[in-house]
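Trainee: following is a predicted model, sequence given first.
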Amino acid sequence: NAGVTQTPKFRVLKTGQSMTLLCAQDMNHEYMYWYRQDPGMGLRLIHYSVGEGTTAKGEVPDGYNVSRLKKQNFLLGLESAAPSQTSVYFCASSYSRGLNTEAFFGQGTRLTVV
Amino acid sequence: GIQVEQSPPDLILQEGANSTLRCNFSDSVNNLQWFHQNPWGQLINLFYIPSGTKQNGRLSATTVATERYSLLYISSSQTTDSGVYFCAAHHGGGGNNRKLIWGLGTSLAVNP
């Protein structure tokens, strides 16, 4: 049982390049999220998904796109990377029903845009 | 929306000491989690504790939902406890309302 797995763990991009971050979870969770963490600012929600085939914007969605073609996978895309997107990215997942809404996080992806 | 405040912002301990970290939140919650972010950046789930008390080894947590605070206790601290401790909460709903609101963390350094 791997939990939440993110790929890759590290990446350096040049300004204007594109890339996709992959998040996979094996807990059959309906909800999945992408956050970014910047120094002194905690984690901020980029996009989220409440189920397969659905996505929605979080609080800092600009410059990112997402897709949830399969329940277990949630992809985060950067079409044209900018230095402001240098950050640590975390994926998370949780159940949608019942009282237990505990979120589980992946190990993070450290992205540097130069 | 809900606001989460943590104290103290920084803490230095000698190995073996005990400590209490506090998390205040501005509204009722149905999810309150404590995380440890280790020096390698990994976020480790410590407790899911919207109310009550839980213990896991040297760590325990108590949330008093009616008074809108949670405490994380670390006993007999070890150098491996170093890192940043976050609490995060949300107060219900689905989707965007399910997003966790994070405190700014308590940075803990345990010296040998």
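Mentor: Nice, I can see it.

Trainee: could you use CA atoms for every contact and neighbour count after this?
Mentor: Noted.

Trainee: contacts only, for the residue nearest the centre of chain A.
Mentor: Among the residues of chain A, A:W34 comes closest to the average C-alpha position under Cα atoms, centre = their mean, at 2.7 Å. Residues in contact with A:W34, defined by Cα atoms under 8 Å, 6 or more residues apart in numbering or on different chains, are A:L45, A:I46, A:H47, A:Y48, A:L76, A:Y89, A:F90, A:C91, A:A92.

Trainee: identify the residues contacting stretch B:44-64?
Mentor: In this structure, residues lying in contact with stretch B:44-64 by Cα under 8 Å, 6+ apart are A:102, A:104-105, B:29-38, B:65, B:69-77.

Trainee: same question for stretch B:75-85.
Mentor: Applying Cα under 8 Å, 6+ apart, the contact partners of stretch B:75-85 are B:13-19, B:34-39, B:58-59, B:105-112.

Trainee: could you list the low-pLDDT ranges of chain A?
Mentor: Within chain A, the stretches falling below the threshold (pLDDT under 70) are A:1, A:96-99.

Trainee: up against chain B, what does it have?
Mentor: Within chain A, the positions adjacent to chain B are A:31, A:40-43, A:45, A:48-50, A:56-58, A:96, A:99-102, A:104-108 by Cα under 8 Å from any Cα of the partner chain.

Trainee: now the strands for the chain?
Mentor: Defaulting to chain A. For chain A, strands defined by DSSP state E occupy the ranges A:4-7, A:10-13, A:19-25, A:31-37, A:43-51, A:54-57, A:65-67, A:73-78, A:87-94, A:104-105, A:109-113.

Trainee: think we crossed wires, I meant chain B
Mentor: Here chain B has its strands, by DSSP E, at B:4-7, B:10-14, B:19-25, B:31-37, B:43-48, B:52-56, B:59-64, B:69-74, B:83-90, B:101-102, B:106-111.
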